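Participant: okay, sequence plus prediction incoming.
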Amino acid sequence: MPKSLGEPEPTEGRVEPSDIEQLDQSSGRYAPQEEKTSSEGTSSPPDESVRPADTEAKGAAQSQEWWSTSQPAGEWAQPAATTADVDVPQESATADVYFCGQKTLLSLSRALQAIAKEKLTGSLRSFWDQEPIDLLAQNGEILFATTRDSERYCPDMPAALANVDSEIVANARAEQSETGTPLFLTLAREEAIARQAAAELAQHYGQKLFSHLWPAPRVWLMFEKSVELPSGGSEVTPEPDVDDWALESLRFVQDLGDHPGFDPRAIPAYTKDGFERVRKLQLTSDEAQFASQFNGARSVQQIAKNLRLDLKVARLRLFRFTALEIVECWPASTETKPEPKSVFQRFSRSIGLGR
């Protein structure tokens with residue numbers, strides 16, 4: 001996307017860790033073999049799960065370990081009764097729902113992974129204290145995110161619209177308020193802007209819009225199938241990798257406010273599948289360098305010190321990996337162990353960092 005859109009810096013490379021890292025089966029952490037830390041008496045937090053909302057979903061998901069659940073069906077059948085301060089429309093009870101749940105049980109990352117693994121087509125609807133946000137997907141690939149609140153969707157005036165008649169822009173905003181169609185796609189249909197520019201703007205502002213959901217404390221998620229794409233939506237090139245799309249969205253999160261769960265003494269460690277997923281991500285050089293520090297022994301504070309980062313910056317970068325459920329944070333160890341450096345140096349060289 002052009003720099004004029006104000007998007008985060010372009011990706012510069014992928015993480016390519018050395019192949020000597022192995023999974024520590026006793027703790028569930030991914031750590032280099034030479035740097036494993038003892039975690040006896042410590043167990044991974046329970047793996048909360050998705051519960052499909054219909055019979056077809058149950059059958060399709062039985063092969064997925066994380067898809068199973070012990071949650072009674074009745075608790076998932078009444079979204080409005082279990083989600084405080086979230087207005088879920090009554091028509092959702094009759095919608096063709098594939099899965100639904102509160103974000104505390106069904107994370108955004110899990111929902112996106114479900115869309116990709118099940119190759120779903122439809123809309124991931126997110127209900128919170130603002131106008132709902134819809135994320136359109138086609139065959140498991142992400143198209144764009146949108147909302148009927150056009151001012152929240154695009155509060156500024158992009159440079160690409162500088163020469164567009166203000167009345168035409170106002171009409172496009174009015175249509176978005178009525179149908180949810182991103183105003184840029186409407187402008188492209190009216191030939192007010194180029195189609196390629198419209199697709200890039202829809203992607204950019206959709207990811208920025210979706211970024212508000214990552215730190216939001218109360219969100220109800222619902223994937224609805226058989227949703228008709230907005231006019232012009234079929235012309236948008238879908239993003240095949242949901243993790244890359246999500247990471248682009250997470251880069252827009254610049255203030256976590258009072259978001260809980262950050263302890264500088266905590267030790268980041270890869271989740272069971274996080275180590276493989278991070279190697280496929282299109283990381284910036286800064287993100288790759290930060291990810292190379294996760295060895296199951298270093299605390300966030302030590303990582304920030306090693307990289308000469310302010311703790312606020314370290315917290316934001318860590319949030320991207322934890323929100324994607326690539327990394328989880330473990331309590332600080334009571335025993336301080338020496339840190340071997342040879343493995344880290346080889347890890348750094350494998351991704352082009354250091355000498």
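Facilitator: That came through, no problem.

Participant: and Glu224, that one's in a helix?
Facilitator: No - applying DSSP: H, G, I helix; E, B strand; the rest coil, one finds Glu224 to be strand, outside a helix.

Participant: I'd assumed Tyr98 was in contact with it.
Facilitator: Yes - counting by CB atoms under 8 Å, Tyr98 is a contact partner of Glu224 at 7.4 Å. Every residue, glycine included, has its C-beta placed from N, CA and C.

Participant: who touches both of these two?
Facilitator: Common contact partners of Glu224 and Tyr98 (CB atoms under 8 Å, 6 or more residues apart in numbering): Gly122.

Participant: what about the two, which has more around it?
Facilitator: Counting neighbours by other CB atoms under 10 Å for Glu224 and for Tyr98 shows that Tyr98 has the greater number, 25 against 19.

Participant: pretty sure the more buried one is touching Gly122, no?
Facilitator: Yes - between Tyr98 and Gly122 there is a contact under CB under 8 Å: 7.0 Å.

Participant: quickly list what's touching both of those two.
Facilitator: In terms of CB under 8 Å, 6+ apart, Tyr98 and Gly122 are both contacted by the residues Phe223, Glu224, Lys225.

Participant: of all those, which comes closest to Asn295?
Facilitator: Nearest to Asn295 among the shared contacts of Tyr98 and Gly122: Phe223, at 36.0 Å, using CB to CB.

Participant: now do the SS call for the closest residue to that closest one other than its chain neighbours.
Facilitator: Leaving out its chain neighbours, the residue that sits closest to Phe223 by CB to CB, 6 or more residues apart in numbering is Tyr98, at 4.6 Å. Applying three-state DSSP to Tyr98 yields a three-state assignment of strand.

Participant: what pLDDT does the model give Tyr98?
Facilitator: If you check Tyr98, the pLDDT there is 93.

Participant: gap between Ala246 and Trp214?
Facilitator: 9 Å (CB to CB, to the nearest Å).

Participant: now the strands for the stretch 51-200 of the chain?
Facilitator: All strands of the stretch 51-200 of the chain, identified by DSSP state E, counting those that start in this stretch, fall at 97-102, 122-127, 133-138, 141-147.

Participant: could I get the buried residue list for the last one?
Facilitator: Neighbour-count burial for strand 141-147 flags Glu141, Ile142, Leu143, Phe144, Ala145, Thr146, Thr147 (criterion: 16 or more other CB atoms under 10 Å).

Participant: residue boundaries of the helices in this structure?
Facilitator: Assigned by DSSP state H, the chain shows helices spanning 55-61, 73-77, 79-82, 108-117, 150-153, 166-179, 183-189, 195-210, 242-250, 274-280, 285-291, 300-307, 311-323, 342-350.

Participant: Throw the ones you listed into JSON lines and include mean pLDDT, thanks.
Facilitator: What follows is the helices of the chain, written out as JSON lines (pLDDT from 0 to 100):
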{"stretch": "helix 55-61", "mean pLDDT": "40"}
{"stretch": "helix 73-77", "mean pLDDT": "32"}
{"stretch": "helix 79-82", "mean pLDDT": "40"}
{"stretch": "helix 108-117", "mean pLDDT": "96"}
{"stretch": "helix 150-153", "mean pLDDT": "96"}
{"stretch": "helix 166-179", "mean pLDDT": "96"}
{"stretch": "helix 183-189", "mean pLDDT": "95"}
{"stretch": "helix 195-210", "mean pLDDT": "96"}
{"stretch": "helix 242-250", "mean pLDDT": "97"}
{"stretch": "helix 274-280", "mean pLDDT": "94"}
{"stretch": "helix 285-291", "mean pLDDT": "97"}
{"stretch": "helix 300-307", "mean pLDDT": "96"}
{"stretch": "helix 311-323", "mean pLDDT": "95"}
{"stretch": "helix 342-350", "mean pLDDT": "48"}
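
Participant: who wins for proximity to His259 among these?
Facilitator: Of all the helices of the chain, the one in closest proximity to His259, counting by CB to CB, is helix 311-323 (7.6 Å).
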